[in-house]
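Q: Here's a sequence, model it:
(one chain, ligands or ions: 3)
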Amino acid sequence: MTSFEVWTRGLARLRVDCLIAGVFEDGELPDETREIDRASGGRITALVRRGDFAGRAGEHLLVPDLPGLRATRVLLVGQGKRGSLSRKSWRRAVLTGLGALSRTRIASCAVALGRPAAAELDDYRLASATAELTGVALYRINDLKSGKKPRAPAINRVVAGPVTSAAAAKRGFAHGAAVAVGLRTLRDLGNLPANVCTPTYLANTARALARRHPKTLRVRVLDQQAIRRERMGCFLAVTQGSDEPPRFIVLEHRGGKAGAAPVVLVGKGITFDTGGISLKDPPAMDEMKFDMSGAATVIAALTVAAELNLALNVVGLVPTCENMPSGCAVKPGDIVTSASGQTVEVLNTDAEGRLILCDALHYARRFKPAALVDIATLTGACVIALGAHHSGVMANDDALARELVECGLRADDRAWQLPLTEEYGEQLRSNFADMANVAGRDAGAITAGAFLGKFTRGMKWAHMDIAGTAYLSGAQKGSTGRPIGLLSEFLIQRAGR
Ligand code: BES
Ligand code: MN
Ligand code: ZN
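A: Ligands and ions are numbered 1, 2, ... in the order given. This next block holds a predicted model:
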């Protein structure tokens, strides 16, 4: 566990293994670095003048044994152009600094980087972002390589500043540290292969989480038989081709007033998506192990709610199964009956996420949610539309959509709203059933949202498509931990009002 403290002034007297200080690209020094420079007799200015450090974003240089400081070392970090200093560039510099230190044996450090205006980064944000980014910098992929593991990072004490309100910083540290726990939970689950992270594994993870928070968290897991009793015909159609048994997880955090309407979160838990009979192309099919990222986000969000003991009722619903082709798999053209009673013609078995979600969204109705939010790696079309930068938000309630988008901005985990008007739903017409599960190529992210919308009438509902943001491909392949930042912000805000 890392401990967090604040510094207010007197950088030269801070007793830490390392001060993390910024340098701008034009050789100018932020106030914090100037203070360190003065104390050490101008060594940093001299070093920069000699051209030993250019201050470009991403650059860093460890300078040991500067005179006049109690800290043993200074890590210089490039902060780019002074004029482009923003919360985003500050975050990048923090991550560069802590990332570099995490690969050394340094145990304590103070973050003393040039800081954007308080309007962009107040004491609360400074502290929460520092705690969150420390978690990111110290995260190591839970790999299954057989060789010797590299040494775990040594950092156990981080001092952030300068702050004027220690109380605001304290709250920030707590929130950021809880988000870091959520991030780790989500990324670990996402990165695990599908032969380890099965529906049963997800259910066991939820159970273990509830055991750690016996006072507020309760869990219930429905097996195939119980799912049948709920008449979740769409969910059952997706799982019927797999040998791996499905689960429906209900996780409840009761931190609010008894009887207060809960926030209900629903996460897509396809632990592997082959496409089913509408089989996917082989390239990058391994990445479909990430198709349970929505489920992992929901489990992580309940982790955050429990860690912070949020004064809010939160329910997490996770329908989880595989999507496999086999002799008993659902076939294109099959018509199934959802828990809501509406019938669905399964024209494409690869549009399976909406099938498991629609039954979970219907199940949510019994909780009379104050807000209902589903999170899913739902469509390739959303990746085409927004890339890896924004998660897609669609909603039947504009205030809820706006709330989520704003939480994304504040948490630096951005989302963008797409329009969800009636026309899109009309594209789902079927000759044989109440609706088809696909509507052709145009506006694929939105027609998927429109499909889900047919199961959420009368509830304040938003859908988040995280197909582009939940994980990275290529050399950087792995779970990003998004959108737990956005969702944590959403829950924290809702608990506070
Ligand atoms: N899990 C996929 C969506 C996806 C695609 C996530 C790429 C991440 C990256 C989903 O189940 C799917 O296959 N969707 C289809 C829907 C189509 C058949 C209407 C898609 O996007 O191609
Ligand atoms: Mn699919
Ligand atoms: Zn899928």
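
Q: Just want the residue of the stretch 51-200 of the chain that's nearest ligand 1.
A: Ligand 1 sits closest to G190 of the stretch 51-200 of the chain, with a gap of 11.9 Å, by Cβ to the nearest ligand atom. The C-beta positions use only the backbone N, C-alpha and C, and glycine is treated the same way.

Q: three-state assignment of the residue of the stretch 101-250 of the chain found nearest ligand 3?
A: Residue nearest to ligand 3 within the stretch 101-250 of the chain: V238 (9.4 Å; Cβ to the ion). Following DSSP: H, G, I helix; E, B strand; the rest coil, V238 is assigned to helix.

Q: Quick one, grab the pLDDT at the closest residue to it other than its chain neighbours.
A: Leaving aside its chain neighbours, V238 sits nearest to E352 (4.6 Å; criterion: Cβ to Cβ, 6 or more residues apart in numbering). We have a pLDDT of 99 for E352.

Q: Contact partners for E352?
A: Contacts for E352 (Cβ atoms under 8 Å, 6 or more residues apart in numbering) come out as V238, I270, D273, G276, N323.

Q: what about the residue of the stretch 101-250 of the chain found nearest ligand 2, neighbour count?
A: For the stretch 101-250 of the chain, the residue closest to ligand 2 is V238, as judged by Cβ to the ion, at 9.3 Å. For V238, the count of nearby residues is 30 (other Cβ atoms under 10 Å).

Q: right, and it touches P325 too?
A: No: here V238 does not reach P325: they are 11.8 Å apart, not a contact under Cβ atoms under 8 Å.

Q: Need the residues touching each of those two.
A: What both V238 and P325 touch, as defined by Cβ under 8 Å, 6+ apart, is the set G276, T349.

Q: Show me the longest strand that occurs in this protein.
A: strand 313-323 (DSSP state E).

Q: helix or strand right after that strand?
A: Next helix or strand after strand 313-323 toward the C-terminus (DSSP states H and E): strand 334-337.

Q: Give me the sheet partners of that next one and which way each runs.
A: strand 343-346 (antiparallel) (DSSP bridges).

Q: Assign a three-state SS to the one residue in the chain that gets nearest to ligand 2, would you?
A: Going by Cβ to the ion, ligand 2 is nearest to D350 of the chain, at 3.9 Å. Under three-state DSSP, D350 falls in the coil class.

Q: Let me know how buried it is, in neighbour terms.
A: 20.

Q: List the residues that contact the closest residue in space to L126 that isn't next to it in sequence.
A: With sequence-adjacent residues excluded and distances taken as Cβ to Cβ, 6+ apart, L126 is closest to A160, at 6.0 Å. Listed by Cβ under 8 Å, 6+ apart, the contact set of A160 reads F4, E5, V6, W7, A110, V111, L126, A127, T130, A169, F173.

Q: Only whichever of those are buried, select them in PyMOL.
A: Here is the PyMOL command that selects the buried residues among these (16 or more other Cβ atoms under 10 Å):
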select buried, resi 4+5+6+7+110+111+126+127+130+169+173
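
Q: So which of the contacts of A160 belong to strands?
A: Using DSSP E, those in strands are F4, E5, V6, A110, V111.

Q: Name the SS class of the closest residue to the fourth one other than its chain neighbours, please.
A: Spatial nearest neighbour of A110, chain neighbours left out: V159 (3.9 Å); criterion: Cβ to Cβ, 6+ apart. In the three-state summary, V159 is assigned as strand, counting by three-state DSSP.

Q: Bridged to G78, which residues?
A: Each beta-bridge partner of G78 is listed here: V23, as defined by DSSP bridges.

Q: Could you list the residues of the stretch 301-450 of the chain in contact with ligand 3?
A: G353 (Cβ under 5 Å from the ion).

Q: Next to ligand 2, which bits of the stretch 301-450 of the chain? Give me the list.
A: Going by Cβ under 5 Å from the ion, the residues of the stretch 301-450 of the chain near ligand 2 are D350, E352.

Q: all strands for the stretch 301-450 of the chain, in order.
A: Ranges of strands in the stretch 301-450 of the chain, per DSSP state E, counting those that start in this stretch, are 313-323, 334-337, 343-346, 371-376, 391-395, 415-417, 435-436.

Q: anything in the first one near ligand 1?
A: Right, strand 313-323. No: using Cβ under 6 Å from any ligand atom, strand 313-323 stays clear of ligand 1, with a minimum separation of 7.1 Å.

Q: next one: that strand to chain centre, how far?
A: From the chain centre to the centre of strand 313-323 is a distance of 16 Å (Cα atoms, centre = their mean, to the nearest Å).

Q: strand partners of that strand, parallel vs antiparallel please.
A: Using DSSP bridges, strand 313-323 pairs in its sheet with strand 247-254 (antiparallel), strand 263-267 (parallel), strand 269-273 (parallel).

Q: what do you get for the fifth one?
A: Its sheet considered, strand 391-395 pairs with strand 415-417 (parallel), strand 461-465 (antiparallel) by DSSP bridges.

Q: which residues touch that strand?
A: With Cβ under 8 Å, 6+ apart, strand 391-395 has contacts from 382, 385-386, 401, 404-405, 408, 413-420, 445-446, 449, 453, 461-466, 468-469, 482-483, 486.

Q: I'd like to know which of these are buried.
A: Buried among the contacts of strand 391-395 by 16+ other Cβ under 10 Å: 382, 385-386, 401, 404-405, 408, 413-415, 417-418, 420, 445-446, 449, 453, 461-466, 468-469, 482-483, 486.

Q: any weak-confidence spans in the chain?
A: 497 (pLDDT under 70).

Q: so what are the domain limits for it?
A: 3-161, 180-494 (automatic domain parsing).

Q: Any idea how far apart the tips of the longest one sit?
A: Going back to what we said before, that points to domain 180-494. This stretch, domain 180-494, spans 19 Å end to end (Cα to Cα, to the nearest Å).

Q: chain center to that domain: distance?
A: 13 Å.

Q: and the stretch 351-497 of the chain, which of its residues are near ligand 1?
A: Within reach of ligand 1 by Cβ under 6 Å from any ligand atom, the stretch 351-497 of the chain has these residues: A351, E352, G353, T377, L378, T379, G380, A381, V383, V438, G444, A467.

Q: how many neighbours does D26 have?
A: Counted with other Cβ under 10 Å, D26 comes out at 12.

Q: Can you tell me how far it is from S165?
A: Distance from D26 to S165, counting by Cβ to Cβ, to the nearest Å: 32 Å.

Q: can you check N313 too?
A: N313 is 30 Å from S165, where distance means Cβ to Cβ.

Q: Mind checking which of those two has more residues around it?
A: More crowded of N313 and S165, by other Cβ under 10 Å: N313, with 25 against 14.

Q: Now the strands paired with strand 313-323 in TSV, please, with extra columns for distance to D143 and mean neighbour count.
A: Putting the strands paired with strand 313-323 into TSV (distance: least, Cβ to Cβ, whole Å; neighbours: other Cβ atoms under 10 Å) gives the following:
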stretch	distance to D143	mean neighbour count
strand 247-254	26	24
strand 263-267	24	29
strand 269-273	19	28
